[in-house]
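*Asks:* whatever this is, show me its structure:
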Amino acid sequence: MTVRSRRTLLALAVGLGLAGCHRTPPAPAGPTVASVNASLTAKILCSGVFIAGRDPAEVLTDDVRVDGKAVLASGAVTVRRQPPAVVITEPGIHVEAVYRQGVGCTLLNGASEAEVYGQYTAPPAPAVTRSTAPWPDGDGGPGPLPTDVNATALDAALTYAFSEPAQPAAPAGGQAPQKLIRDTRAVVIAWNGRLIAERYAAPFTATTPQLGYSMTKSLINALTGILVREGKLSVDEHPPVPEWRAGDPRTAITLDDMLHMSTGLQFVEAYSDQLVDTVLMLYAEPDAAHYAAEKPLLQTPGSVWQYSSGTTNLISRIDRQAVGGALADYFTFPQRALFSKVGADSAVMEPDASGTFLGSTFMYATARDWARLGQLYLDDGVWHGERIFPEGWVKYTATPAPHAPDGRYGAQFWLNAGDPADPSKRSWPHMPTDTFAMIGYQGQAVVIIPSRHLVVVRLGETMPDPPDPGKGDSDAFSLDHFVDLVLQALPAAK
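*Replies:* The predicted model follows:
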């Protein structure tokens, strides 16, 4: 999702720890590097504990770190069990992320606990009965490997994914290079609609929901597609955005422009600076869509491609408006319209304090459920004969945006179209040109290859991140090489 490490940003933070809360002076009027780092820590910790069920100390050590070392050594971090929340206090800083069943964790960012808790009360969680039927219909693991799959080659792919990379040598007299961290946590491989391989790194298991980061954008594509099928949205419409009044040139932006990242709106998609748009929108604003909608128009809508998390959060609020009804109707929409249809019951999308899903970034699901969602796209949006996406939606999704360089982006999905005659102009030279993928920060990926009937899920905390989202690989992990190893284990395409 970004060009620099969240860990680098966290390294600038005031030291925090696992002590109890204490009184602090009033927080400064605007966000600071320290307050944003505290908010980021609270959010990641809250979701890791209350959605994924992980140990707080393990989340702080493994997910809030610099070069594998925890950066939170002292201070005041409280994991409150009832009502569930994470509170961080420091002189001049008080941040809080609260957990609600069904919608995960939300940073207050100026809202009160009462306001956020009062938005929605989920019904009691139903008892979960795990089916032993084979995936994707049940929770059965991989069965006997098909005879035409090369078990040795498949194991080599898994071994690569879970091994740690060799570290670069320090130049003579120069600064030590950044440590390479692969940290693969889960891999699921589905071929011809069946699970053929999966592996996890402890403490992660098949039942651990994991954060997709920008893979969440692709789920906004899914929800938008469902609303198009229901006749509540059209990609050709100029969706109502309250911040844009009559005569505002931004009203020329269509939903199609948004889905293709071609709005022309200003937005800095980076963590390379301390307080840029992506960071402020996610960790310092109560209403991410409002933040994005306030950005000025720099280019004619539809004339230029620019990857923007702000754009996806605008789509997320448009989806909310299209769902209509009470906030509870919107909060339950992903589950009833999508996740329950395909059995992705672990999936949780998280809203900001205004009640709109942070569709750019925050969705959790198990690796098997991420694979189920990938399988839905592989099967053209049809699940057991039920059409979930409108006919043609997957083709629309996987068609290059008009101005995306090298045909590498479609509608909230990364593509591999490039130049069929020149693999060097493709994002992943060793993958087929019909590959499309959900891609997230730190190496999250759901790779879908229709010509090979293949879905590959890889989740982890790889650093450093690739310099450009969806194009090329991190020095620590090559998605192109990994999927190529998987393809080598399968029969040749017919």
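*Asks:* tell me the secondary structure for Cys105?
*Replies:* Recorded secondary structure, Cys105: strand (DSSP: H, G, I helix; E, B strand; the rest coil).
*Asks:* what sits against it?
*Replies:* Contact analysis of Cys105 by Cβ atoms under 8 Å, 6 or more residues apart in numbering lists 43, 46-47, 50-51, 86, 97-99, 350. No exception for glycine: its C-beta is placed from N, CA and C like everyone else's.
*Asks:* from these, which land in helices?
*Replies:* Taking DSSP state H, the ones among those that sit in helices are 43, 46-47, 50.
*Asks:* out of the residues you listed, the closest to Thr159 would be?
*Replies:* Proximity of the ones in helices among the contacts of Cys105 to Thr159, judged by Cβ to Cβ, is greatest for Ser47, which lies at 30.0 Å.
*Asks:* distance check, the residue nearest to that closest one when sequence neighbours are not counted against Leu358.
*Replies:* Leaving aside its sequence neighbours, Ser47 sits nearest to Cys105 (Cβ to Cβ, 6 or more residues apart in numbering; 4.6 Å). To Leu358, Cys105 is 10 Å away according to Cβ to Cβ, to the nearest Å.
*Asks:* any shared contact partners between these two?
*Replies:* In contact with both Cys105 and Leu358: Glu350, using Cβ under 8 Å, 6+ apart.
*Asks:* is it possible to get JSON lines of the contacts of Cys105 that adds pLDDT and neighbour count?
*Replies:* Formatted as JSON lines, those follow (pLDDT from 0 to 100; neighbours: other Cβ atoms under 10 Å):
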{"residue": "Lys43", "pLDDT": "96", "neighbour count": "23"}
{"residue": "Cys46", "pLDDT": "97", "neighbour count": "27"}
{"residue": "Ser47", "pLDDT": "98", "neighbour count": "25"}
{"residue": "Phe50", "pLDDT": "98", "neighbour count": "22"}
{"residue": "Ile51", "pLDDT": "98", "neighbour count": "23"}
{"residue": "Val86", "pLDDT": "96", "neighbour count": "27"}
{"residue": "Ala97", "pLDDT": "97", "neighbour count": "28"}
{"residue": "Val98", "pLDDT": "98", "neighbour count": "23"}
{"residue": "Tyr99", "pLDDT": "97", "neighbour count": "21"}
{"residue": "Glu350", "pLDDT": "98", "neighbour count": "25"}
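*Asks:* quick one, strands of the stretch 51-200 of the chain?
*Replies:* Using DSSP state E, counting those that start in this stretch, the strands assigned to the stretch 51-200 of the chain run over residues 65-66, 69-70, 76-81, 84-90, 93-100, 104-107, 184-191, 194-200.
*Asks:* now the fifth one - C-alpha only, PDB.
*Replies:* Included here for strand 93-100 are C-alpha records, laid out as PDB according to Å, rounded to 0.1, in the frame of the first residue of the first chain:
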ATOM      1  CA  ILE A  93      -1.400  12.200  23.900                       C
ATOM      2  CA  HIS A  94      -4.500  10.100  24.600                       C
ATOM      3  CA  VAL A  95      -5.700   7.700  21.900                       C
ATOM      4  CA  GLU A  96      -8.200   5.000  22.000                       C
ATOM      5  CA  ALA A  97      -9.400   2.200  19.700                       C
ATOM      6  CA  VAL A  98     -12.600   0.400  20.700                       C
ATOM      7  CA  TYR A  99     -13.800  -3.000  19.600                       C
ATOM      8  CA  ARG A 100     -17.300  -3.900  18.600                       C
END
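*Asks:* tell me what it is packed against?
*Replies:* helix 33-50, strand 84-90, strand 104-107, helix 113-117 (3 or more Cβ pairs under 8 Å, 6 or more residues apart in numbering; DSSP states H and E).
*Asks:* flag every buried residue along the shortest one.
*Replies:* In other words, strand 104-107. Neighbour-count burial for strand 104-107 flags 104-107 (criterion: 16 or more other Cβ atoms under 10 Å).
*Asks:* same deal with the last one?
*Replies:* Residues of helix 113-117 classed as buried by neighbour count (16+ other Cβ under 10 Å): 116-117.
*Asks:* what pLDDT, on average, does it get?
*Replies:* Mean pLDDT, helix 113-117: 95.
*Asks:* which residues are in contact with that helix?
*Replies:* Outside helix 113-117, the residues that touch it by Cβ under 8 Å, 6+ apart are 83, 85, 96, 98, 100, 106, 108, 353.
*Asks:* closest to Ala398 among those residues?
*Replies:* Nearest to Ala398 among those is Thr106, at 32.5 Å by Cβ to Cβ.
*Asks:* beta partners of the closest one?
*Replies:* Val98 (DSSP bridges).
*Asks:* end to end on stretch 110-127, go ahead and measure it.
*Replies:* Taking Cα to Cα, to the nearest Å, stretch 110-127 runs 35 Å from one end to the other.
*Asks:* next: stretch 478-494.
*Replies:* In stretch 478-494, first residue to last residue: 26 Å (Cα to Cα).
*Asks:* mind listing what's buried along that stretch?
*Replies:* Across stretch 478-494, burial judged by 16+ other Cβ under 10 Å covers 478-487, 489-490.
*Asks:* how about residues contacting it?
*Replies:* With Cβ under 8 Å, 6+ apart as the test, stretch 478-494 has contacts from 148-151, 153-154, 156-157, 160-161, 189, 191, 427-432, 443, 445, 447, 449, 451-452, 454, 456, 458, 473.
*Asks:* go again with 7 Å.
*Replies:* With contact meaning Cβ atoms under 7 Å, 6 or more residues apart in numbering, stretch 478-494 is reached by 148-150, 153-154, 156-157, 160-161, 189, 191, 428-431, 445, 447, 451-452, 456, 458, 473.
*Asks:* what do you get for stretch 239-252?
*Replies:* Stretch 239-252 is contacted from outside by 238, 255, 290, 293-294, 297, 301, 314, 318, 321, using Cβ under 7 Å, 6+ apart.
*Asks:* of all the residues you listed, which comes closest to Asp277?
*Replies:* Within those, the smallest distance to Asp277 is 10.7 Å, found for Glu294 (Cβ to Cβ).
*Asks:* neighbours of that closest one, how many?
*Replies:* When neighbours are defined as other Cβ atoms under 10 Å, Glu294 has 13 of them.
*Asks:* same question, the one 5 residues further on
*Replies:* By other Cβ under 10 Å, 15 other residues sit near Gln299.
*Asks:* tell me the pLDDT of it.
*Replies:* At Gln299, pLDDT is 97.
*Asks:* give me the nearest residue to it, chain neighbours excluded.
*Replies:* Among residues not flanking Gln299 along the chain, Gly264 sits closest, at 3.6 Å (Cβ to Cβ, 6+ apart).
*Asks:* I'd guessed that neighbour sits against Thr300; true?
*Replies:* Yes - with contact defined as Cβ atoms under 7 Å, Gly264 reaches Thr300; the gap is 5.8 Å.
*Asks:* which one's more surrounded, those two?
*Replies:* Gly264 (21 against 13).
*Asks:* contacting residues for the more buried one?
*Replies:* Neighbouring residues of Gly264 by Cβ under 7 Å, 6+ apart: 297-301, 303-304.
*Asks:* run the last query once more with 10 Å
*Replies:* For Gly264, the contact set (Cβ atoms under 10 Å, 6 or more residues apart in numbering) comprises 249-250, 252-253, 257, 295-306.
*Asks:* returning to what we had before: can I get the contacts of stretch 239-252 in a markdown table including distance to Ala197 and secondary structure?
*Replies:* What follows is the contacts of stretch 239-252, written out as a markdown table (distance: Cβ to Cβ, whole Å; DSSP: H, G, I helix; E, B strand; the rest coil):
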| residue | distance to Ala197 | secondary structure |
| --- | --- | --- |
| His238 | 46 | coil |
| Leu255 | 38 | helix |
| His290 | 44 | helix |
| Ala293 | 44 | helix |
| Glu294 | 46 | coil |
| Leu297 | 47 | strand |
| Pro301 | 44 | coil |
| Leu314 | 38 | helix |
| Ile318 | 38 | helix |
| Gln321 | 42 | helix |
